[in-house]
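In: When you get a sec, could you give me coordinates for this:
(one chain, ligands or ions: 2)
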Amino acid sequence: MKHFFVFTLCLRPLFAAPAFLSQTGLYSDLPRKILSAEVASYIPRFPLWSDGIEKQRWIRLPAGTQVDKSDPNAWVFPVGTQLFKEFAWHGQRVETRLIQKKGESQWEFVSYVWNGDETEAKLAPSTGIQSHLPLTDTIFHDIPSQGQCRFCHQRFGDPVLGYSQIQLGSEPIPGHSSLERAALGYLHGNCGSCHHPEGRAGFTENFYHLTVEASTAEQTPAYTTSVNLKTVNFPIPGLETTYRLLPGHPEQSALIYRLTLEGPQHMPSLGSKIPDATQINLLRQWVAEMH
Ligand code: HEC
Ligand code: HEC
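Out: Residues are numbered from 1 along each chain as shown. Ligands and ions are numbered 1, 2, ... in the order given. I've put the predicted structure just below:
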């Protein structure tokens, strides 16, 4: 028996993710949707827009461990931590994403795709699944490839984006008005993953993340790297000069323009395809009122 056990262990790559969601520890009884007692749900203040798909999130820490919060901008998670995010469209579960800390600087990114009667979800291929779910007549939700997961979840330290001091803490967000606080928070949650010095859009030096140090709006990266600064790429057609953010002029500000586009120039460049109309209006109003 013992030999058999060792043998089967060797057949599987040491770090392979389980083939089914029921084996990951999120649900204690998956067909009946009973969550494991070890997972805790949480809601980030500034969630990522995913084309209107509803999402739920949970964390599971290994027994007796806790998150090291000594750097408020970069929490460190114990090895073995799992975070889950489940996507549902009109009440029907679509995919459940899992990131798991496998070693001091090793994280695994996978997604599980639900079957039609929601009795099990199966590990998605590492290349993802294009056009998995129709959202409109012409737009489809894709299950991202594991490379695309890492595109957004890129940090020198732990790549967790929504379980953080800014997202879960109670400290005030800088801003002159509630509109401005909402705008800066939205940019943090939806753009700051890539538009961060360690993120994939780091090379643009156009940053949108918040840090706990910024106490005025003017100190936030969204201000210091956008206001009255010219864009590097993709000018707005018909304008002599395109600014990232031109106070008082949303129609001349690339950060609004790129959000309203569909297709390859759409921002965010991954994760959503349908412009977030309500929040774009909020951002427009924020830029319009700025002087
Ligand atoms: C467009 C960028 C983007 C892509 C692509 C992306 N994520 Fe995320 N993910 C985020 C952001 C931003 C958050 C935090 C905000 C939220 O939860 O709404 C997040 C949150 C999560 C969480 C909850 C823990 C955390 O970091 O906050 C999990 C789990 C997760 N993502 C897994 C994945 C997996 C697995 C993939 C690939 C299959 C993936 N993500 C692809 C941006 C992305
Ligand atoms: C998945 C990563 C990713 C996310 C998320 C993302 N961006 Fe970008 N962004 C990029 C990359 C890469 C570039 C550089 C290439 C380009 O311009 O398309 C860029 C460029 C830009 C530019 C042009 C900067 C310049 O000077 O030319 C603007 C403006 C911009 N993004 C705004 C946003 C806003 C606003 C959001 C959030 C709603 C956002 N982006 C979310 C990856 C991302």
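In: Which residues are in contact with the spatially closest residue to Gln92 that is not a sequence neighbour?
Out: Leaving aside its sequence neighbours, Gln92 sits nearest to Glu118 (C-beta to C-beta, 6 or more residues apart in numbering; 7.2 Å). Where you see a C-beta, it was placed from the backbone N, CA and C, and this is true even at glycine. Going by C-beta atoms under 8 Å, 6 or more residues apart in numbering, Glu118 touches Pro31, Lys33, Gln92, Arg93.
In: Quick check: phi and psi at the third one.
Out: Same thing as Gln92. Per-residue torsions, Gln92: phi -100, psi 120 (degrees, to the nearest 10).
In: quick one: pLDDT of the nearest residue to Thr204 once chain neighbours are set aside?
Out: Nearest residue to Thr204, sequence neighbours excluded (C-beta to C-beta, 6+ apart): Val232, at 5.9 Å. The per-residue pLDDT reported for Val232 equals 90.
In: Over to the one 3 residues further on?
Out: At Pro235, the model reports a pLDDT of 92.
In: nearest residue to it other than its sequence neighbours?
Out: Thr242 (4.1 Å).
In: what number of residues lie near that neighbour?
Out: As a burial measure, Thr242 scores 19 neighbours (other C-beta atoms under 10 Å).
In: Could you report the distance from it to ligand 2?
Out: 8 Å (C-beta to the nearest ligand atom, to the nearest Å).
In: got the contact list for that residue?
Out: Lys230, Thr231, Phe234, Pro235, Ile236, Gln252, Ala254, Tyr257.
In: Now render these as CSV, adding secondary structure and distance to Phe87.
Out: CSV is the format used below for the contacts of Thr242 (DSSP: H, G, I helix; E, B strand; the rest coil; distance: C-beta to C-beta, whole Å):
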residue, secondary structure, distance to Phe87
Lys230, strand, 37
Thr231, coil, 32
Phe234, coil, 30
Pro235, coil, 35
Ile236, coil, 33
Gln252, helix, 35
Ala254, helix, 29
Tyr257, helix, 28
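In: coming back round to it: next one: the residue nearest to Gln92 from His153, what distance?
Out: Relative to His153, Glu118 is positioned 26 Å away (criterion: C-beta to C-beta, to the nearest Å).
In: And Pro72, by the same measure?
Out: In this view, Pro72 and His153 are 19 Å apart by C-beta to C-beta.
In: which of those two has more neighbours?
Out: Set side by side, Pro72 and His153 show more neighbours around His153, with 18 against 14, by other C-beta under 10 Å.
In: List the contacts of the residue lying closest to that one once chain neighbours are set aside.
Out: Nearest residue to His153 in three dimensions, chain neighbours excluded: Pro159, at 3.9 Å (C-beta to C-beta, 6+ apart). Residues near Pro159 by C-beta under 8 Å, 6+ apart: Ile99, Trp107, Arg150, His153.
In: For these, which entry has the maximal number of neighbours?
Out: Ile99 (22 neighbours).
In: My guess is that one contacts Gln82. True?
Out: Yes - applying C-beta atoms under 8 Å, one finds Ile99 in contact with Gln82, separated by 7.4 Å.
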